[in-house]
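Engineer: Need a 3D model of the sequence below.
(2 chains)
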Amino acid sequence: MKTLKRYGAIYREFVNNCFAAALTYRLHFILLIVMDLIFYFTILGSVEFLFQHLDKIGPWGRTEFMFFMSFMIAVEHLHMTFISENFWEFSYDIRTGRLDFILLKPVGALFIIFFRSMRPGTLLNGFFPWAYLIYFGSQLHLNALQWLALPLLVLLGLALLTSVEILISMSMFWIVESMGVNFFRMQLQQVARWPDFVYQYFAQKFFSYLVPVLLVGSAPVSFLITGDWTGLSKMLGLLVICWGLIGFFWRKGLASYESASS
Amino acid sequence: MSLAAEASKWGATIKIAWSKYLAYKLNFLLQVLGPVLVFFFIRYNLWSAIYGLEGVKTLQGYNFSEMISYQVWVMIVGFIGLGFNGMNLAEDIRLGRISAYLIYPFGFWQFHASSFLAFQLIQLGVAGITLIAVSLAGWVEFTALNLLLGVLYCCCVALFWFQVNFLIGILAFWLEETWVMRVMMVTVSQFFSGALIPLEIFPAWLRQVLDYLPFPYLTWVPVKIFSGTYNQPLLPAFGLILLWSLIAWGCAQYVWQRGIKAYTGAGI
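Structural biologist: Here you go, the predicted model:
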């Protein structure tokens, strides 16, 4: 409990710093909001236009598909707000040796690396994904328990996506120029943005077990629509495996880290 | 200054740019080729699911093989047309690194233009290899004339993107970060250019609006030229993309002239 409080206090400081920095550059702050709105529009617009010509894609009709898209937007909104920025900084930390100063601090280094930066501008956009989610969820007639589970499932999706990305970003210890790793991470988000049944057999298995980004949205939404638990249990199992691997590669990475600044 | 001396500067800069781009090959693969390939991979799966599971034979005039062919051409246009120049311009300006360029006997725009040419030559090679592979797989059919016209048109699209990226990059004379605008521009153009879904699937009213904007000329038009299904005169299509490039170039020159006066040369 004491440790949690301590980390909570540190996180509060991170948030305060990020807000102060964000408000210094107001145009950038506003542009971030506009960028997210455009992003939401293009994602939902693509599906909307497709369903003007189709009744179903796979087993889902328009409402189920739009609910899935809204779910993914909600996950990505939290990801973009609280996590995304940190991956770019991690790459910079390793290349410039700035990681040394993080390792010296008396706090878990992974916590500082992946949770120190956020985008306050994006936080304001939270209304939109949740409004869509509630709108399409009500069209699906979700019951009270499903509504209660929804925020937890979004957080579970975020946890899996973030864990997979942290695991991938461990490769930055060995790749000198790691901008490409960040681009690869973003491509995985694109893959996750569509339901698993869209993908053909091998792609579906690959992105459900080896790089399990397809579970991020498909497993929770399938659970809400059909009550199928299997996807969720896979998510939890793979989360545990992911964190085991992150620990392993983090230690290996630190052992081979050359500390550019020293 | 003689033309030969100027050409040698361009040649030397192109060589340096090549070695920079290809120094970290995995990074180049993930950053430049990866997004286009993943984009195609997702589209291929999505359209396979739509045509396979639904029993849909045609969608707004496209059957399955025509849709896959469309997506392949989108990938080729992406390789040749989309540039990545100007990604570090904001940082260069903010940290005062462009001061070094300003004292070189080679203009800042010329430096970036020759880097752009180096990138284009690599991308043409990548597009060529991809085209051979997809042709062998039987995904696309084309004539030599359509291929030549398509590649020419894509080079015009690349020129447009180069000017736009340069323009956005040099806005860093006043702005802290410019990547947001680049992402916005790419997101909007991917959607409205028909890269995500063909424009025929868009509502009619939106297609009419898009006729007055440059977006269809960035993907939809070159794809149609490649596949030999562009049934309008070609000259206006070339003229329009070049006109938009010229407008972007004019804006970039204006912004550069204003920006260089505002430049404080941090770090000098």
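Engineer: And the strands in the stretch 51-200 of chain A?
Structural biologist: Secondary structure of the stretch 51-200 of chain A, counting by DSSP state E, counting those that start in this stretch: strands at A:56-57, A:60-61.
Engineer: hey, least reliable of these by pLDDT?
Structural biologist: Per-stretch mean pLDDT for those is lowest at strand A:56-57 (a mean of 88).
Engineer: Please name every helix or strand in contact with that strand.
Structural biologist: Using 3 or more C-beta pairs under 8 Å, 6 or more residues apart in numbering or on different chains; DSSP states H and E as the contact test, the elements touching strand A:56-57 are helix B:34-54. Backbone N, C-alpha and C define where each C-beta goes, glycine included.
Engineer: Tell me the first helix or strand C-terminal of the helix it packs on.
Structural biologist: Past helix B:34-54, further along toward the C-terminus, the next helix or strand under DSSP states H and E is strand B:58-59.
Engineer: Partner strands of that next one, with direction?
Structural biologist: strand B:62-63 (antiparallel) (DSSP bridges).
Engineer: and residue A:24, how many neighbours does it have?
Structural biologist: The number of residues packed around residue A:24, counting by other C-beta atoms under 10 Å in any protein chain shown, is 10.
Engineer: Centre-most residue in chain B?
Structural biologist: For chain B, the residue whose C-alpha lies nearest the mean C-alpha position (C-alpha atoms, centre = their mean) is residue B:82; its distance is 1.9 Å.
Engineer: And for residue A:74, nearest residue in space, chain neighbours not counted?
Structural biologist: Spatial nearest neighbour of residue A:74, chain neighbours left out: residue A:129 (4.0 Å); criterion: C-beta to C-beta, 6 or more residues apart in numbering or on different chains.
Engineer: per-residue confidence at residue 16?
Structural biologist: Went with chain A since none was named. 87.
Engineer: my bad, chain B
Structural biologist: Reading off the confidence values, residue B:16 has pLDDT 88.
Engineer: Over to residue B:84?
Structural biologist: With respect to pLDDT, residue B:84 has a value of 67.
Engineer: SS state for residue B:113?
Structural biologist: helix (DSSP: H, G, I helix; E, B strand; the rest coil).
Engineer: how near is the closest residue to it other than its chain neighbours to chain A?
Structural biologist: With C-beta to C-beta, 6+ apart as the measure, residue B:162 is the residue that lies nearest to residue B:113, at 7.2 Å, once sequence neighbours are left out. Distance, residue B:162 to chain A, using C-beta to the nearest C-beta, to the nearest Å: 20 Å.
Engineer: same question, residue B:165
Structural biologist: Note on residue B:165: its distance to chain A, by C-beta to the nearest C-beta, is 16 Å.
Engineer: what about that residue, helix or strand, and which?
Structural biologist: With DSSP H and E as criterion, residue B:165 is part of helix B:144-170.
Engineer: Could you list the buried residues of that helix?
Structural biologist: Using 16 or more other C-beta atoms under 10 Å in any protein chain shown as the burial criterion, the residues of helix B:144-170 that qualify are B:146-147, B:149-151, B:153-170.
Engineer: got the residues of the stretch 101-250 of chain A near chain B?
Structural biologist: A:175-181, A:183-184, A:186-187, A:190-191, A:194, A:197-200, A:203 (C-beta under 8 Å from any C-beta of the partner chain).
Engineer: excluding its backbone neighbours, what's nearest the residue of the stretch 101-250 of chain A found nearest chain B?
Structural biologist: Of all residues in the stretch 101-250 of chain A, residue A:180 sits closest to chain B, at 3.0 Å by C-beta to the nearest C-beta. Sequence neighbours aside, residue B:30 is the residue nearest to residue A:180 in space, at 3.0 Å (criterion: C-beta to C-beta, 6+ apart).
Engineer: before we move on, what SS does the one you found have?
Structural biologist: In three-state terms, and counting by three-state DSSP, residue B:30 is helix.
Engineer: I'd guessed it sits against residue A:178; true?
Structural biologist: No: in terms of C-beta atoms under 8 Å, residue B:30 does not count as a neighbour of residue A:178; the distance is 9.0 Å.
Engineer: more neighbours, the two?
Structural biologist: A count of neighbours by other C-beta under 10 Å puts residue A:178 above the other of residue B:30 and residue A:178, at 26 against 22.
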